[in-house]
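Peer 1: Predicted model follows, preceded by the sequence.
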Amino acid sequence: MAGILFIISAPSGSGKSTLVNEVRRLVEGLEFSVSYTTRAPRGSEEDGREYHFTTKENFERMIAADEFLEYATVFGDNYYGTAVSALVQARKHGHDLLLDIDVQGALQVMKKVPEAVSIFILPPSPQVLEMRLRNRSQAEGMTQESVIEKRLSQARNELLKIGDYKYALVNDQLEVAATEMRSIVLHERGEDGVVEEIAAQCLTTAKSARLEAALESFYLGDQAGV
């Protein structure tokens, strides 16, 4: 089955990009949607690879032309959005599409494309998330306590929406998380057997021990709706 839309969301610093790249290496026929943004490139980022970097004026022109599947402002400063053309092109090529979008955008897409498969990736604990945020900030040469604190607070708010997603993965070990995401993709394509069993364990309704432990570490528990 081609043309499946996979929605991938995670708090900033959860290792989502590394995980998605690994899954794309393991599974054929997965296109990655490169989002548009009005923020400036960071570090070694390149236009068309991490994002399509554009101006606020052009982004708003695209909004007016109804060219986005979803869009949002992040931290009140910059626009981020997914172009409708990304899904059109993937289906034209007979591929599935991975959307790497935040919770706000994901909820928009779920309403527009209810058959989309939603996957939430979360870190195993706030301590691990903070470490990853600090390491990434240092690598980008822009360590700011206010930014790190804002992202940690944002992560907790995003985790409260995890119950709106079909699947949830705890990204504590890359190999394990990649196996789980690969199984979800293959099962949604129609495969059963082992991949079906692994995918079933990742359902948010399954309330796995790993998922509950991660949520408890953020002091969320039942507040997250799973």
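Peer 2: That came in fine, so what should we check first? Numbering: from 1, shown residues only.
Peer 1: in a helix, that's where residue 6 is, yeah?
Peer 2: No - counting by DSSP: H, G, I helix; E, B strand; the rest coil, residue 6 falls outside a helix, being strand.
Peer 1: could you measure it against residue 21, distance?
Peer 2: Per CB to CB, to the nearest Å, residue 6 is found 14 Å from residue 21. In short, each C-beta sits where N, CA and C put it, glycine included.
Peer 1: out of these two, which sits in the more crowded spot?
Peer 2: Counted by other CB atoms under 10 Å, residue 6 and residue 21 do not tie: residue 6 has more neighbours, with 23 against 11.
Peer 1: okay, that one: pLDDT?
Peer 2: The model reports residue 6 with a pLDDT of 96.
Peer 1: Surely it touches residue 115?
Peer 2: No - if you go by CB atoms under 8 Å, residue 6 and residue 115 don't touch, sitting 11.2 Å apart.
Peer 1: what touches both of these two?
Peer 2: Listed as contacting both residue 6 and residue 115 by CB atoms under 8 Å, 6 or more residues apart in numbering is no residue at all.
Peer 1: Need the contact partners of the helix or strand where residue 22 lies.
Peer 2: Using DSSP states H and E, residue 22 sits in helix 16-26. For helix 16-26, the surrounding residues in contact (CB under 8 Å, 6+ apart) are 8, 10, 30, 32, 98, 100, 121, 169, 171, 174, 177-178, 181-182, 185.
Peer 1: what does stretch 58-65 give?
Peer 2: 36, 38, 68, 71, 79, 81, 83.
Peer 1: out of these, which are buried?
Peer 2: Buried subset of the contacts of stretch 58-65 (neighbour count, 16 or more other CB atoms under 10 Å): 36, 38, 68, 71, 79, 81, 83.
Peer 1: Good, we can wrap up now.
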